[in-house]
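J.: this one's sequence-less:
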């Protein structure tokens, strides 16, 4: 039953929206809002990555490269050249999309670990450039990014706004904004999955050869989804840069790429809501584990390892399976 | 639905804020000192001694009755040397823990990531990181205790000029410290009439810098070599330098001013010079030096408590904490504006790193002379200037 | 000019030999189980750190080395038994994430036990560098190359001459068939992890005098090893050796002749180039995709 609920596009988005609306009741202070806002931005990124990994079955170990490019494009365009935020964000996404398309054509021919290797190399090259071009990017010490602004309206977590005659704080405004962005990102992804493109993608995941035999232009679809996931990353990178107010080349680093892919796998590859859960868990863990001091790293590694060993399909798919079998049993028991 | 939720959340926040205000009115409430440091990760050699220093002196101050009759409470997080986590923990300190002052930020990246938040929240922040950008231009709420990398470059190049060396080969790490140091060295060199004839870099994870050093050695006219970097990289550079048999005078930055560097580099370090705080040579300081007593005390207390050698990086935290305490005492409260104003007007405070004279134009308060030039002789530090 | 070139070559070959040894570890495990073991770098760390800490406790060098290698071997077995084996049905990426989790876990333990400082290990023999045509060679480099060569030969003999070695090969080719002819495949997999760990720890010990050693040295060296293995072609022993040396030499040459800022970027561009023309690396086996 839960399964059917999740499969229904509209209902899934509604559930997510409901959670996002109820959530503020549990947020005790501005820091909690900030944390959840970040989770939403990162979650939207991995929803995009999941299209590539979960549906097309192509593993990227360099996705932070695109995220970082988006962040730096925004940082440089708005900070150094005084562009307004929205055009910077959109032009950045187009530029990153083109880069992804150019890079994607040759490397998507590769299979399995070789593809991972190639994406890893692309990510590394991007990170190295961001780190070295000090005049443009501020180098390893990073660069400040101005607040997000639309038509002279600045969105700062320290601001005060009135929305429909309601006084809200800046961090709440960011939360609402990020929630809407996440909902749109999820809605778009779900529609894509249910479209003919999505079906073609899943056939690529199943068996590329078979897909090709029945006439699916696999190269085209793989390229397309690679570009889409890169654009997702770029857009979210731009928002992340605005939200953070300061970026360093770490946003494009290998560690960040690994974090993204871990969110996808931990949450549940191929499950849009699963990967959101993955993002939430992995963003929350460092904050929760911060109190363990010395043991923090050990516990993080252990939790990651154990979760994947005992829930190889990921958190949400495993949990849904458990819940539905329990429900099923109950039903069966009732009938008997 | 949304609007009622938001209203309710707003109400909660208002109640919480009122509660906090009432609580802070009580004198027994501890003074909250927040900190985010790179206790683990690649910059742990900075964050680890910094945290140890903060912990032991907060304890000590509390045993002695605290500050303004209130106890100190240290709230600290480990940013793992990552700027985004530094920013998040800074946010947690400011908006969740609601600290009165922040003493932390081991690296320049971590510090700068927190700066926009600190400036908007209006809480005094004493950074423990090196780069000149932290306090130049001056930011209202941001102070720092270590000398800037620019001063290090001035001292090193000055010493070179005195020895008649004006053509310098530069090698630097691509991390934040090395990269900023490189930029400052290039600028200062131009001002001082020193020519940088070779400019090489290595990344923090490199295990061999022979190729870069070969290039420097083969550069025409090079008279001396300066390495700007921290971590294990400079120790490998020093060893490779020795293996290649390069005879030119060799300089390191203050990034390696610790005894563990001597241990790693071994005999290869013999004869190299670097700018450092007097902490490495407490006993060579003349009796007249006002820093002598502070330095000796910090060294003996730290080593007695932790059973490990002091490092100059921990001293940045010592000075940061003491400046914070002094400012709070001067201000007579933890009112952020008052503490900030008091910090800005501190003068003549003799710390381990140097003598601090803050002003509205200078949120660092040290001058280049607080760096001493040391030379490695017989496996130990020797005070040169 | 020539001495310059020779110097870069020496540098590259020394680093490359290290990469090659790590790459061999990847290859071994990949061959037996098709798992990319991202915890490979941690074996390297265990080798170096355990040796350093044992000698500091007064254990003689030789004994310390043996104990460190044994420790790594046990760790290899534990990794297979408790982390990889229970997740047999898992996806390839899931297995990768498990090994990443394992590497974070091992690193965390090492940090608590051994602390965060870098440590020195003395050169095995003299500290005096060797002069060759105006270039200098660290005497430890000879040890790295020598021990590397011995290990490669030993591995070749192991796989071609011993029953256990052949069993590992058989398992890697077809697990079901291997089981049918009476090979205990679970045992074989554990063995592959153990041998790979031994290899990694020996590499960690011989390079420690050059690179220093610390609890986090495995991250980047492990990654470079994976890169080397992929250039050479996953699963190919020869490929791992060639890939490692090639990566090391390209890094040193680009630091020397092109730009030290971009030497890593040059190395990664080379990977893309190699994969562009040879999608399975230099010596990767042509595998027919089963439909």
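T.: Good, I have the coordinates. Small disclaimer: the values here were computed from a predicted structure and weren't measured. Numbering: from 1, shown residues only, chains lettered A, B, ... in the order given.
J.: what's the neighbour count on residue A:122?
T.: Applying other Cβ atoms under 10 Å in any protein chain shown, we find 26 residues neighbouring residue A:122. To be clear about C-beta, it is placed using only N, CA and C from the backbone, and glycine gets the same treatment.
J.: just checking, it touches residue C:272?
T.: Yes. Contact status for residue A:122 versus residue C:272: in contact at 7.3 Å, counting by Cβ atoms under 8 Å.
J.: shared neighbours of those two, anything?
T.: Any residue near both residue A:122 and residue C:272 by Cβ atoms under 8 Å, 6 or more residues apart in numbering or on different chains counts here, and that gives residue A:107.
J.: and residue A:167, what helix or strand is that in?
T.: Per DSSP states H and E, residue A:167 falls inside strand A:166-169.
J.: report the buried residues of that strand.
T.: For strand A:166-169, a neighbour-count test (16 or more other Cβ atoms under 10 Å in any protein chain shown) marks A:168-169 as buried.
J.: which secondary structure elements does it sit against?
T.: The contact analysis (3 or more Cβ pairs under 8 Å, 6 or more residues apart in numbering or on different chains; DSSP states H and E) places strand A:166-169 against strand A:160-163, helix B:2-25.
J.: from the contact counts, what lies against the helix or strand that residue B:341 is a member of?
T.: In this structure, residue B:341 sits in helix B:336-344 according to DSSP H and E. Judged by 3+ Cβ pairs under 8 Å, 6+ apart, the packing partners of helix B:336-344 are helix B:312-331.
J.: other residues contacting stretch C:72-87?
T.: Here stretch C:72-87 has contacts from A:305, A:308-310, A:312, C:33, C:35, C:37, C:39, C:42-43, C:46-47, C:50, C:94-95, C:98-99, C:101-102, C:106, C:186, C:189-190, C:192-198, C:200-201, C:204, using Cβ under 8 Å, 6+ apart.
J.: before we move on, what about stretch B:186-199?
T.: By Cβ under 8 Å, 6+ apart, the list of residues contacting stretch B:186-199 reads B:150, B:153-154, B:157-158, B:160-161, B:166-171, B:182, B:185, B:215-216, B:219-222.
J.: return only those of those residues found close to chain C.
T.: Counting by Cβ under 8 Å from any Cβ of the partner chain, residue B:215 from these sit close to chain C.
J.: which ones among the contacts of stretch B:186-199 map onto strands?
T.: B:167-171 (DSSP state E).
J.: how about these in JSON lines, adding neighbour count and distance to chain A?
T.: Shown next, in JSON lines, are these (neighbours: other Cβ atoms under 10 Å in any protein chain shown; distance: Cβ to the nearest Cβ, whole Å):
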{"residue": "B:167", "neighbour count": "17", "distance to chain A": "24"}
{"residue": "B:168", "neighbour count": "25", "distance to chain A": "20"}
{"residue": "B:169", "neighbour count": "26", "distance to chain A": "19"}
{"residue": "B:170", "neighbour count": "24", "distance to chain A": "14"}
{"residue": "B:171", "neighbour count": "27", "distance to chain A": "15"}
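J.: not counting sequence-adjacent ones, nearest residue to residue C:238?
T.: residue C:283 (5.4 Å; Cβ to Cβ, 6 or more residues apart in numbering or on different chains).
J.: okay, the one you found: pLDDT?
T.: On pLDDT, residue C:283 comes in at 85.
J.: that one and residue C:233 touch, don't they?
T.: Yes. At 4.2 Å, residue C:283 and residue C:233 qualify as touching, with contact defined as Cβ under 8 Å.
J.: tell me which of those two has more neighbours.
T.: Using other Cβ under 10 Å as the criterion, residue C:283 and residue C:233 rank with residue C:233 on top: 25 against 19.
J.: need phi/psi at that one.
T.: phi 110, psi 110 (degrees, to the nearest 10).
J.: now do the helices in the stretch 251-385 of chain B.
T.: Counting by DSSP state H, counting those that start in this stretch, one finds helices in the stretch 251-385 of chain B at the ranges B:259-265, B:291-306, B:312-331, B:336-344.
J.: do the same with the stretch 1-150 of chain B
T.: Using DSSP H, counting those that start in this stretch, helices in the stretch 1-150 of chain B cover B:2-25, B:44-63, B:83-91, B:108-121, B:149-162.
J.: so which of those helices is nearest residue A:188?
T.: helix B:2-25 (21.7 Å; Cβ to Cβ).
J.: can you get me a residue count around the closest residue to residue A:148 other than its chain neighbours?
T.: Leaving aside its sequence neighbours, residue A:148 sits nearest to residue A:242 (Cβ to Cβ, 6+ apart; 3.9 Å). Residue A:242 is flanked by 26 other residues according to other Cβ under 10 Å.
J.: got the contact list for residue A:242?
T.: By Cβ under 8 Å, 6+ apart, the neighbours of residue A:242 are A:74, A:78, A:85, A:145-148, A:155.
J.: give me every residue in the stretch 51-200 of chain A lying close to chain B.
T.: Close to chain B, as judged by Cβ under 8 Å from any Cβ, the stretch 51-200 of chain A has residues A:131-132, A:134, A:139-142, A:144, A:156-158, A:164, A:166-169, A:171-172, A:176.
J.: now do 6 Å
T.: A:139-142, A:158, A:166, A:168 (Cβ under 6 Å from any Cβ of the partner chain).
J.: so which residues of the chain form strands?
T.: Let's take chain A. Secondary structure of chain A (DSSP E): strands located at A:143-144, A:148-150, A:153-155, A:160-163, A:166-169, A:246-247.
J.: chain C was what I was after
T.: Under DSSP E, chain C gives strands at C:130-132, C:135-137.
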